[in-house]
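[1] Make a model of this:
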Amino acid sequence: MANRSSIDQHTWWNKIKNHRYIRFILFCLLGLVTFGLLFSNVIPQTVDIESGNVATDSIRSPVTVENKAETERLQQEAIDSVEPAYSLNPRYADNQIERLNDVFASVRLVQLEIRDQRGELTSIGDGGSETEDQQRVWSEEEQIQELRDRISPEIAEQLSDDVMLTFLESSSEELQIAQETSTSAVHDVMSEEVSLAQVETARDLAEEKVRLVSVRGTLEEAMAQLTRHTVTANFMIDEDATLEAREAAAESVEPVLIREGELLVEEGQVITSDVYDQLTLAGLTNDTSVYTPYFGLALLIFLMMFLLSYYLNDANTTLKSNNTHLLLFMLIYTVTLSVMKLTSFLQPLDPDGIAYVVPAAAGTMLVSMLLQSRVALFMSFLLGIAAGIMFNYHTTAIMDYSFALYVFFSGVAGVFFLSKSNHISRMLKTGTLIAAVNVTIASALLLLKGVPITLVETGIYTGSAVAGGYIAIILAVGLLPFFEAGFGILSTSKLIELSNPNHPLLRKILLEAPGTYHHSVVVANLAEGACEAIGANGLLARVGAYYHDIGKTKRPQFFIENQMRISNPHDKIAPKVSASIIIAHPYDGAEMLKKYRLPKEIIDIAEQHHGTTQLKYFYFKAREKSTDVKESDYRYPGPKAQTKESAVLGVADSVEAAVRSMQAPTQEKIEELVKKIINDRLEDGQFDECDLTLKELHTAYVSICESLKGTFHSRIDYPDEKDLPKVEGEN
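    Below is the predicted model of the structure:
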């Protein structure tokens, strides 16, 4: 009998090892491993060189970087080359004319006050009495000072006392003439462009215009002096326009770039200070400490791990919840990445094409065989990114995108072609196909680069790519048994091998229980189709069906499908003995499978395909003879089905036996029978311990009914109710 605890998927240990925190730790470890293997490829390259030394090798820039100091120098040169922008500003003429008018207005006001003072003094002389201060009239000096205080300081400083006094002594008519003449002269002269260099010439011209007027000599001189000092430059530097022109000149200067791959130093060249500065800007000297590549790598790996986690959680794979399978993926990924790292050390060799021997497809094939093809395809994407960084020796950039594409397509080829040739004997063909893809993608990348290569180099590239394909398949085949044994993984190739009819156990069934053998083949067809329909492992169900009744070979004559031309031995023994013989066959089979070291999944199917169902026929037969009958003696002890494959196979097993006994089966009868068997098992709780949903049960029902079309012909009528257990108990 089975030890139930050995197959219980919900033990405390399984809960702990599949906990989400363990999963988080595994992803962190995977990220750290990736970072550790790629770390050396992003370390900034430096050269041990000083200013004044002679370069022993040619040095190229690994990055594109701006030489800001040189850019700023060229911008300043461009700014300095821009002449100031000048413009004629009419406001200067208006301002000066306003100042001129202000002078004459001030003269009139001072004259008015002087007249007022003289008038008050006359009234006092006629009989009034005022103080001494009130009786006093401004002196000439006071009059001149009063006028200076009233006019613009700029003009007041330029006019002599004689000019001031002349204006104060002029009549209203003379002042009017002087004002009109002066303003007209200033307006005429300043209507034209007057630069700083032309100011004296403009003043001479204004003075000539003023002197054309017939006035007394002192007034003419005063007008000339006032006009000269009023005229000023109006063609001035336009600050806004000049600033705009200089900014445009600075912006027109292209940034001075040290471009990726640019030759900075030739072999034998003396390192000048300017060259040393360029090397420093490119991060090639010991004067610079660049940490950004490390942060960039960490961020990239974080994104890779996040996408991997999201994909595995979203995809319908065992890696979604099984941390053991996740650990297996991590190990394969790490081994593959480590092999790639070792291969990358071949890049410095001449010629560099020898690095195309990298067996990247080995990892994707292992993941495809041991886990799932979709996960292997995503792994190809991750390996491609890692390869771009890892194989960057011949590029000044951080990533060699051509090598990334090469590894990606090589990995994808391993997945695609392996899915068409799972058997190990056909692995050579898979290696050939991978090699062909390697050669094709390598040739395409070389042609895209446009780099001329010799015939010898072409042979090395081709030979390395071909070798990469065959080495990948050799590694995959060689490592597969270790991963299978270490993680208890039942791979597709292993299942294919177990399905070989020449396997000793299958030969044993065929020779010792031929009826059971043919029954198992039909059950395999039904179970495989139903499992594939619900997304379960159809191949596992098929192979499990081949071996599920191996226990019947211990007493084949006690099972109805093997009772050809012999009487039924159950007619001669007690129902309880018959039940014990029938009940023993799953566990006898499990022991035989363990002896032959078949995978645990196959053993579990043999133990679980009957679950805890009841042998109704023998139970009712015993009840007819005695009322003291224990119902538990006529039930399989279990365990119930723990997986979808076991549950579906159990249904297919009962359906095949039931339909085989039908007389003149029709599609309607078959559908009703299949539905009844599924419902009976559902009500009996046989699906309680597996994650089979009602929707999946219906899908399996449809698939089984479709598979049964045309398979069975006229058979004995399948007995209802009381007779039904007889058929179930005997299979």
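[2] Other residues contacting stretch 689-703?
    529-535, 639-644, 646-648, 651, 674-675, 678, 682, 687 (Cβ atoms under 8 Å, 6 or more residues apart in numbering). Backbone N, C-alpha and C define where each C-beta goes, glycine included.
[3] Quick one, which of the residues you listed are buried?
    With burial judged by 16 or more other Cβ atoms under 10 Å, the buried subset of the contacts of stretch 689-703 is 529-531, 533-534, 639-644, 646-648, 651, 674, 678, 687.
[4] The nearest residue to E66 once chain neighbours are set aside - how many residues pack around it?
    Closest residue in space to E66, ignoring its immediate chain neighbours: P255 at 4.9 Å, by Cβ to Cβ, 6 or more residues apart in numbering. Using other Cβ atoms under 10 Å, P255 is surrounded by 11 other residues.
[5] likewise A55?
    Neighbours of A55 (other Cβ under 10 Å): 18.
[6] Give the closest residue to E267 in space, chain neighbours not counted.
    S58 (4.9 Å).
[7] Could you pull up phi and psi at that neighbour?
    Dihedral angles of S58 (phi, psi; degrees, to the nearest 10) stand at phi -70, psi 140.
[8] From one end of stretch 551-566 to the other, what's the distance?
    Between the opening and closing residues of stretch 551-566 there is a gap of 20 Å (Cα to Cα, to the nearest Å).
[9] Can you point out the buried residues in it?
    Result for stretch 551-566 [16+ other Cβ under 10 Å]: buried residues G551, K552, T553, K554, R555, P556, F558, F559, I560, E561, N562, Q563.
[10] Other residues contacting it?
    508-509, 512-516, 518-519, 568-570, 578, 581-582, 584-592, 606, 657, 660, 727, 730-731.
[11] which SSE is the spatially most central residue of the chain in?
    In the chain, the residue lying closest to the centroid (Cα atoms, centre = their mean) is L303, at 5.5 Å. L303 is part of helix 292-314, with elements assigned from DSSP states H and E.
[12] could you pull out the helices for the stretch 151-300 of the chain?
    Taking DSSP state H, counting those that start in this stretch as the test, the helices found in the stretch 151-300 of the chain are 153-156, 161-169, 172-190, 199-211, 217-230, 239-251, 273-281, 292-314.
[13] Take those and write them to a markdown table, including distance to Y596 and mean pLDDT.
    Below are those laid out as a markdown table (distance: least, Cβ to Cβ, whole Å; pLDDT from 0 to 100):
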| stretch | distance to Y596 | mean pLDDT |
| --- | --- | --- |
| helix 153-156 | 118 | 84 |
| helix 161-169 | 133 | 86 |
| helix 172-190 | 117 | 88 |
| helix 199-211 | 117 | 86 |
| helix 217-230 | 122 | 86 |
| helix 239-251 | 82 | 85 |
| helix 273-281 | 69 | 72 |
| helix 292-314 | 34 | 89 |
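[14] For those, give me CSV that also has distance to I114.
    Conversion of the helices of the stretch 151-300 of the chain to CSV gives the following (distance: least, Cβ to Cβ, whole Å):
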stretch, distance to I114
helix 153-156, 18
helix 161-169, 7
helix 172-190, 13
helix 199-211, 26
helix 217-230, 17
helix 239-251, 45
helix 273-281, 77
helix 292-314, 83
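[15] sorry, back to before: any idea how far the residue nearest to E66 is from T64?
    Counting by Cβ to Cβ, to the nearest Å, the separation of P255 from T64 is 10 Å.
[16] so where is the stretch 1-150 of the chain shaky, pLDDT-wise?
    The model of the stretch 1-150 of the chain has pLDDT under 70 over residues 1-19, 43-50, 56, 60, 62-63, 87, 120-136.
[17] Now do the SS call for the nearest residue to R507 once chain neighbours are set aside.
    Nearest non-adjacent residue to R507, counting by Cβ to Cβ, 6+ apart: P501, 7.4 Å away. At P501 the chain is in coil, as set by DSSP: H, G, I helix; E, B strand; the rest coil.
[18] ends of stretch 623-640, how far apart?
    For stretch 623-640, the first-to-last residue distance is 25 Å (Cα to Cα).
[19] Report the contact partners of the closest residue to Y294 other than its chain neighbours.
    Nearest residue to Y294 in three dimensions, chain neighbours excluded: V42, at 6.6 Å (Cβ to Cβ, 6+ apart). Contacts for V42 (Cβ under 8 Å, 6+ apart) come out as P293, Y294, G296, L297, I389, I398.
[20] Go through the protein and flag its longest helix.
    Of all segments of type helix in the chain, defined using DSSP state H, the longest is helix 90-125.
[21] which parts of that one are buried?
    For helix 90-125, the neighbour count (16+ other Cβ under 10 Å) marks 92-93, 95-97, 99-100, 103-104, 106-108, 110-111, 114 as buried.
[22] returning to that earlier point: ok, the residue nearest to E66 to S139 distance?
    Counting by Cβ to Cβ - P255 and S139 are separated by 73 Å.
[23] and the angle for the next helix or strand after the helix holding L303 with helix 292-314?
    The helix or strand immediately downstream of helix 292-314 is helix 323-344, counting by DSSP H and E. Between helix 323-344 and helix 292-314, the angle comes out at 140 degrees (axes from the mean of the first three to the mean of the last three Cα atoms, to 10 degrees).
[24] So which bits of helix 323-344 are buried?
    For helix 323-344, the neighbour count (16+ other Cβ under 10 Å) marks 323, 325-337, 339-341, 343-344 as buried.
[25] returning to that earlier point: and the longest helix of the chain, what does it pack against?
    helix 132-135, helix 140-150, helix 153-156, helix 161-169, helix 172-190, helix 217-230 (3 or more Cβ pairs under 8 Å, 6 or more residues apart in numbering; DSSP states H and E).
[26] let's go with 7 Å and repeat that
    Counting contacts by 3 or more Cβ pairs under 7 Å, 6 or more residues apart in numbering; DSSP states H and E, helix 90-125 packs against helix 140-150, helix 161-169, helix 172-190, helix 217-230.
[27] ok and that helix relative to helix 140-150, angle-wise?
    Counting by the same axes, to 10 degrees, helix 90-125 lies at 140 degrees to helix 140-150.
[28] one step back: run through the neighbouring helices and strands of the helix holding L303.
    Packing partners of helix 292-314 (3+ Cβ pairs under 7 Å, 6+ apart): helix 20-38, helix 373-390.
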